[in-house]
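dropping a prediction and its sequence here:
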Amino acid sequence: MNHTSKAEWRSLLAALNRSLFAGLDNAEASAFQHRSLRRMAEVASARSAYYRQRLAPAMGPSGLRIERWRDIPILTKPELGQNRAQILNTRPGPETGPVRMGWTSGSEGEPLNYGRSDLADQISRRITQRFLRLWKTDGRERFAQIVSTRQEANGTPEPTQRRGWLEGQGSGEFHVFPVATDLRRHLAWLHAIRPSYLKSYPEVLAELARQSLRQGRMLPMRLLISGGGVLTDDIRRLCREAFGCAIADFYGAEEVGSIADQCPNCGEYHVCGENVFLEIVAEDGRAAAPGETGRAVVTTLFNDAFPLVRYQIGDHVVAGGSTSCSRPALQMLSQVKGRSSAIFRLKGGRALWPFIPSDEMARLANVQRFQFVQVADDLVEFRYVPRDGVGGVDELLLRHLVKAFIDPSLEVRSVASARLERDENHKYAIYRSLLTS
């Protein structure tokens, strides 16, 4: 493992395991993060000439100097994409297991092909399981999820079912329905299976709540779980009215894994310090003060396949302050402004959550950044920043992607632009609708 001895690695993994299952006090958590940062800086420098140059201001004869951490330049999404080949290591070593490849457009509308080691995935899975237990979910009960898949819109998405979703706590039914269909089907499905728990994107939960209230058919549940979007106070109120329960929010990213999860005790977001080191950077470059909005800058701690060091993920978050929460709280967020999306409203009263797989979008050449904006019930605009500064995309491929993955009834027109506007959350809304609900 480069210069990290086997004894040091075993000690670090023991601390990681204890943190995931029992938690560490703040002093122990800080020491664990510093050790993990030193190891990751060592791994990145040893295996990538690109990182060796970037990390040089903070490296000394004995490795990383933590006090010089902020001298390392922040890594942007375009820089990551341009230097991906120098960062990716598909054979990081037996310590971290095999590597899984994936695609994401994240919050910037720029497709990225990333790698995740098995160890990194295991850590995020453990954090998710801990999150479910903290919210006192019962693994014997029914759990439903509406999620993006590669299912094409002109197919017929169907729900699937298996047993077991909470480790060590029963074999409750786990139901999954692809999101790429009319949300009225999802609502009918939910009424049929009557789950105790439902997980999906906040915009999907909100639309299901609106439809439920319009129908006058209440659908009581014990807990909703949201992720992958902006969870607003309005969505929380709407869902509580329709479903009679709270929403627990989880913040993560495909290429990073778990970042922070909302606490049932204090309502704030606890940063997942076993997986990432998070910095909240104000616009002037300093660390954001409690209550202040800043850019989320993350460093992954155990994904040796695709190290991300001071990576500006594209989200804006609000720094948390001190808390009397009984959970360990090395770092807190009070709000995740994160990503935004939209429900597309089509002819005949249909509503759906748009999604085109990132690897499919990567087939469109000459596209640096993009967004789909619905301007009519049968038309979307593909607004994009061309890489060559001139413009021009494969119109036939673009039309195929929209009809195959969003809806066959939609037409699309492309609009080249020098820049795309950010929304009120400082984000590029990859999917946005100008139609009202």
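Thanks, I have the structure now.

quickly list what the closest residue to Arg38 other than its chain neighbours is bridged to.
Nearest non-adjacent residue to Arg38, counting by CB to CB, 6 or more residues apart in numbering: Leu64, 4.5 Å away. In short, each C-beta sits where N, CA and C put it, glycine included. In this entry, Leu64 is beta-bridged to Met59, by DSSP bridges.

which ones are touching Leu64?
Residues in contact with Leu64 (CB atoms under 8 Å, 6 or more residues apart in numbering) are 37-38, 41-42, 55, 58.

just those residues: which are in helices?
Counting by DSSP state H, these place 37-38, 41-42, 55 in helices.

residue nearest the centroid of the chain?
Of all residues in the chain, the one closest to the mean position by CA atoms, centre = their mean is Ala253, 2.5 Å from it.

spit out the contact partners of Ala44.
Listed by CB under 8 Å, 6+ apart, the contact partners of Ala44 are 51-52, 55, 87, 307, 309.

Thr232 now?
Pro202.

check which helix or strand covers Asn303.
Using DSSP states H and E, Asn303 falls within no helix or strand.

let me fix that, I meant to ask about Arg126.
Secondary structure assigned from DSSP H and E places Arg126 in helix 118-134.

about what we covered before: closest one to Ser212 out of the ones in helices among the contacts of Leu64, please.
Here the nearest of the ones in helices among the contacts of Leu64 to Ser212, counting by CB to CB, is Leu37; it sits at 46.1 Å.

wait, the closest one sits on Phe277?
Yes - with contact defined as CB atoms under 8 Å, Leu37 and Phe277 form a contacting pair (5.8 Å).

the two: which is more packed in?
Counting neighbours by other CB atoms under 10 Å for Leu37 and for Phe277 shows that Phe277 has the greater number, 21 against 18.

host element of that one?
Taking DSSP H and E as the definition, one finds Phe277 inside strand 276-281.

okay, the ones in helices among the contacts of Leu64 in a markdown table with pLDDT and distance to Asp233 next?
What follows is those, written out as a markdown table (pLDDT from 0 to 100; distance: CB to CB, whole Å):
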| residue | pLDDT | distance to Asp233 |
| --- | --- | --- |
| Leu37 | 97 | 35 |
| Arg38 | 96 | 40 |
| Ala41 | 96 | 39 |
| Glu42 | 95 | 43 |
| Leu55 | 97 | 40 |
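
hang on, the earlier thing: quick check: neighbours shared by Leu37 and Phe277?
Jointly contacting Leu37 and Phe277 under the rule CB under 8 Å, 6+ apart are 299, 301.

what angle sits between the helix or strand Ser30 falls within and strand 276-281?
In the assignment (DSSP H and E), Ser30 maps to helix 26-47. Here the directions of helix 26-47 and strand 276-281 differ by 100 degrees (axes from the mean of the first three to the mean of the last three CA atoms, to 10 degrees).

related to what we said a few turns ago, list the helices and strands the helix holding Arg126 packs on?
In terms of contacts (3 or more CB pairs under 8 Å, 6 or more residues apart in numbering; DSSP states H and E), helix 118-134 is packed against helix 6-21, strand 99-104, strand 247-253, strand 257-262.

go again using 10 Å as the cut-off
Using 3 or more CB pairs under 10 Å, 6 or more residues apart in numbering; DSSP states H and E as the contact test, the elements touching helix 118-134 are helix 6-21, strand 99-104, strand 223-226, strand 247-253, strand 257-262.

which one of those lies nearest to Arg369?
Of all the helices and strands packed on helix 118-134, strand 99-104 sits nearest to Arg369, with 13.9 Å by CB to CB.

for the residue nearest to Ile225 when sequence neighbours are not counted, what is the enclosing helix or strand?
Setting aside the residues directly before and after it, Ile225 is nearest to Lys199 in space (CB to CB, 6+ apart), at 4.0 Å. Applying DSSP H and E as the criterion places Lys199 in strand 197-200.

before I go, just wanted to say thanks for your time.
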